[in-house]
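Visitor: sequence first, then the predicted structure:
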Amino acid sequence: MAVSTVTGIAGTSTQTRLARGDAGRDPETRREAMRGIDTNVLVRYLVQDDAEQGRKAARFVAEACSAESPGLINRIVMCELVWVLESAYGYARGRIALALEQILRTAQFRIEDHSEMWFSLREYQAGADFADSLIRAVNRRLGCTETVTFDRKAGRRTGFKTL
């Protein structure tokens, strides 16, 4: 497995192993031990704005997460992460997208709805709301022909219908 340096959103670097093959298998079908990672730990890992918590988060990923025993990042955490980085930190969409891509490529993480996350990332890079794109992708996978919404912006996108 290749080792790569992941540059956090604040410009800090952390060593991670790059995923190979089917690194994004559905966590519900996996059998190895996993630990869930909360949004605040992921934010500290990426942003490094609190020295002590940033070190703890980086140490956890480096020492407790591996391809054999990955840290689980679920879809709620990913949506919260985007929201926090946009609203609380004011990071630009491009920097957030890069951070998401690095997370999706990191072998130490297992991502819930991995394929849908990639779809949502691409939509986000094209200007869509990340959470709306994920809702659409998951609903589509679950058999929905459309998702109804009161959100006019989302309603203009394929797969949504404004009520």
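Guide: Yep, that arrived.
Visitor: how about low-confidence regions in this structure?
Guide: 1-32 (pLDDT under 70).
Visitor: for stretch 34-51, measure first residue to last.
Guide: 26 Å (C-alpha to C-alpha, to the nearest Å).
Visitor: ok, stretch 97-111 next?
Guide: Terminal residues of stretch 97-111 are spaced 15 Å apart (C-alpha to C-alpha).
Visitor: in it, what counts as buried?
Guide: By neighbour count on 16 or more other C-beta atoms under 10 Å, the buried set for stretch 97-111 is 97-100, 102-111. In this view, the C-beta of every residue, glycine as well, is placed from N, C-alpha and C.
Visitor: show me those residues that map onto helices.
Guide: 97-100, 102-105 (DSSP state H).
Visitor: which of the residues you listed sits closest to G36?
Guide: The shortest approach to G36 among those belongs to I103, at 14.3 Å (C-beta to C-beta).
Visitor: contacting residues for the closest one?
Guide: I103 makes contact with 42, 73, 78, 109, 111 under the criterion C-beta atoms under 8 Å, 6 or more residues apart in numbering.
Visitor: and with 10 Å instead?
Guide: Contacts for I103 (C-beta atoms under 10 Å, 6 or more residues apart in numbering) come out as 6, 16, 37, 42, 45-46, 73, 77-78, 81, 109, 111, 117, 121.
Visitor: can you give me the helices for the protein?
Guide: According to DSSP H, the helices that the chain contains are 39-47, 51-64, 75-87, 93-105, 114-125, 130-141, 152-155.
Visitor: could the contacts of I103 go into a markdown table alongside distance to T149?
Guide: Output for those, formatted as a markdown table (distance: C-beta to C-beta, whole Å):
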| residue | distance to T149 |
| --- | --- |
| V6 | 34 |
| T16 | 36 |
| I37 | 29 |
| L42 | 27 |
| Y45 | 32 |
| L46 | 29 |
| I73 | 25 |
| V77 | 23 |
| M78 | 20 |
| L81 | 22 |
| F109 | 30 |
| I111 | 25 |
| M117 | 20 |
| L121 | 21 |
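Visitor: please spell out the ChimeraX selection for the buried subset of those residues.
Guide: Selection of buried members from the contacts of I103 for ChimeraX, criterion 16+ other C-beta under 10 Å:
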select :6,16,37,42,45,46,73,77,78,81,109,111,117,121
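Visitor: so which of the contacts of I103 comes closest to S133?
Guide: L121 (8.3 Å).
Visitor: I figured the closest one hits A97, correct?
Guide: Yes - using C-beta atoms under 10 Å, L121 makes contact with A97 at a distance of 6.3 Å.
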